[in-house]
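Undergrad: Could you work out the structure for the sequence below:
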Amino acid sequence: MHTVNQDVLDIITKNADQGRSDRKIPTENIQALKDCGFFGMLLPKSLGGSEHTPQEFFQDHLAIAKSDMSTAWACGIIAVHPYQIALMDEQAQQDVFSDDPTTLISSSYNPVGARVEVVDGGFMVSGRWGWSSGSDHCSWVLLGGVIPTEGYRTFLIPRENYDIEDTWHVMGLQGTGSNDVVIDTPVFVPGHRTHKQMDGFNCVQSQPNPMYQMPWAQVFIRVVCTPAIGALSKGLDLFLSDRSTASTDMTKLAGDVETQTRIAVVRNIIDECQTIMFKNFDEMQSNNWQPSIDQRILYRYQSSLVIEKCIEGIDTLFDVAGGRSVYSGHALQQTWNDIHIARAHVANSPAMFARNLGATLLGVENTDVFI
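TA: Reported below is the predicted structural model:
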């Protein structure tokens, strides 16, 4: 069952250039996705959401990405946050969603610029966090930090307690509005508005729907790679469209062995990436949403490979796209930039996940707790 219909996709397609120019998601896109229920797909029904399965959510996410990768990236991340908040203390869930189930939350999980002090009843938090996608449209943020005596936590903070600094001047994914979140003067965060990393790893939660037993990481890692699959699908359509426009005799082009091979390779990459993702979620669902540690490690690695596969695919097309594709503003060039920029996210860097998978297969203990 889908929430995103063709009218919504048409709005997103129409506004893609505006998003790149403004360097943020157009407000019309946000409103259309709110109205159709996309942001509530993973939110519990008790909080006003619809509790769609991840498979249904990512079908819609792929469709958005084919219309505009920036919108899919930022809005996918925003839409997955209700799942994490559903795992947190019930008071935190009420703080965010009791008045408005369409409340939007951005994030920046990298703790490198965070300062955290333990105080009575909670924590004092300050610092700077980058890549907070879609933050201009959100009234809360989830920020990563490390507590020296304990380890990593996520801190849920309302909009009045932080500033957004316009830093997003980039060569791809311009429309995501992934600006910096800044807290110069430490703010108090009560304990109930935090989420321990190990609670996420151990799948601690109290929702009646067994879907929320699924590890939080398994949902999040897919929102930062799936947009590239939709974008590559769009790239293939653009390539085929350009070829048909440029050639007066399509029978000659269709007989070009190199072109045939490149198109086949890219079409297979798209199908392979989608098939593995949905297979993973189907396996989790068949196991009552409780994958084994070995499965979680494998899925994490497979997710991390998606961007590299999509980069291979868009490069395969762009290498023979012709002279027009080098001009600024060409749609295939923008798709190339978007997919390549997504590789900068740490979740899309396969090396460490490959090492962990290989090591555990050799009998070494798992070292990754975000799986």
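Undergrad: I'd say residue 277 and residue 226 touch.
TA: Yes: the pair residue 277 and residue 226 passes the contact test of C-beta atoms under 8 Å, sitting 6.8 Å apart. Backbone N, C-alpha and C define where each C-beta goes, glycine included.
Undergrad: what about the helices in the stretch 101-250 of the chain?
TA: Counting by DSSP state H, counting those that start in this stretch, residue ranges of the helices within the stretch 101-250 of the chain are 197-201, 216-223, 226-246, 250-254.
Undergrad: Going by mean pLDDT, which of those helices comes out lowest?
TA: For those, the bottom mean pLDDT is recorded on helix 250-254, which sits at a mean of 59.
Undergrad: On the C-terminal side of that one, identify the next helix or strand.
TA: Helices and strands here follow DSSP states H and E; after helix 250-254, the next one along the chain is helix 257-286.
Undergrad: Which of the residues in that next one are classified as buried?
TA: Taking 16 or more other C-beta atoms under 10 Å as the neighbour-count basis, helix 257-286 is seen to contain the buried residues 259, 262-263, 266, 269-270, 273-274, 276-277, 280-281, 284-285.
Undergrad: How much space separates the spatially most central residue of the chain from residue 216?
TA: When the chain is reduced to its mean C-alpha position, the closest residue under C-alpha atoms, centre = their mean turns out to be residue 223, at 2.5 Å. From residue 223 across to residue 216, the span is 12 Å (C-beta to C-beta, to the nearest Å).
Undergrad: thinking again about what came up before, now do the shared contacts for residue 277 and residue 226.
TA: Taking C-beta atoms under 8 Å, 6 or more residues apart in numbering as the contact rule, residue 277 and residue 226 both touch 58, 306.
Undergrad: Can you get me a residue count around the spatially closest residue to residue 276 that is not a sequence neighbour?
TA: Closest residue in space to residue 276, ignoring its immediate chain neighbours: residue 302 at 5.4 Å, by C-beta to C-beta, 6 or more residues apart in numbering. Summarising burial for residue 302: neighbours were counted as other C-beta atoms under 10 Å, giving 19.
Undergrad: And residue 302, how far from residue 54?
TA: For residue 302, the distance to residue 54 equals 15 Å [C-beta to C-beta].
Undergrad: With residue 217 instead?
TA: As for residue 217, its distance to residue 54 is 12 Å (criterion: C-beta to C-beta).
Undergrad: Report the contact partners of residue 186.
TA: Contacts here follow C-beta under 8 Å, 6+ apart; on that basis residue 186 touches 115, 117, 124, 125, 126.
Undergrad: ok, now residue 37?
TA: Contacts were defined as C-beta under 8 Å, 6+ apart; by that measure residue 37 touches 3, 50.
Undergrad: still on that earlier bit, now the contacts of residue 186 in CSV, with distance to residue 212 and neighbour count?
TA: CSV is the format used below for the contacts of residue 186 (distance: C-beta to C-beta, whole Å; neighbours: other C-beta atoms under 10 Å):
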residue, distance to residue 212, neighbour count
115, 31, 14
117, 31, 13
124, 30, 15
125, 26, 22
126, 31, 17
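Undergrad: Count the residues that sit near the closest residue in space to residue 303 that isn't next to it in sequence.
TA: For residue 303, ignoring the flanking residues on the chain, the nearest one in space by C-beta to C-beta, 6+ apart is residue 221 at 4.5 Å. The local packing count at residue 221 equals 24, with neighbours defined by other C-beta under 10 Å.
Undergrad: Over to residue 320?
TA: Applying other C-beta under 10 Å, we find 13 residues neighbouring residue 320.
Undergrad: SS state for it?
TA: Using DSSP: H, G, I helix; E, B strand; the rest coil, the structure places residue 320 in coil.
Undergrad: That one and residue 336, how far apart?
TA: For residue 320, the distance to residue 336 under the criterion C-beta to C-beta works out to 13 Å.
Undergrad: Neighbour count: residue 217 and residue 54, which is higher?
TA: Shown here are residue 217 and residue 54; by other C-beta under 10 Å, residue 54 has more neighbours (25 against 22).
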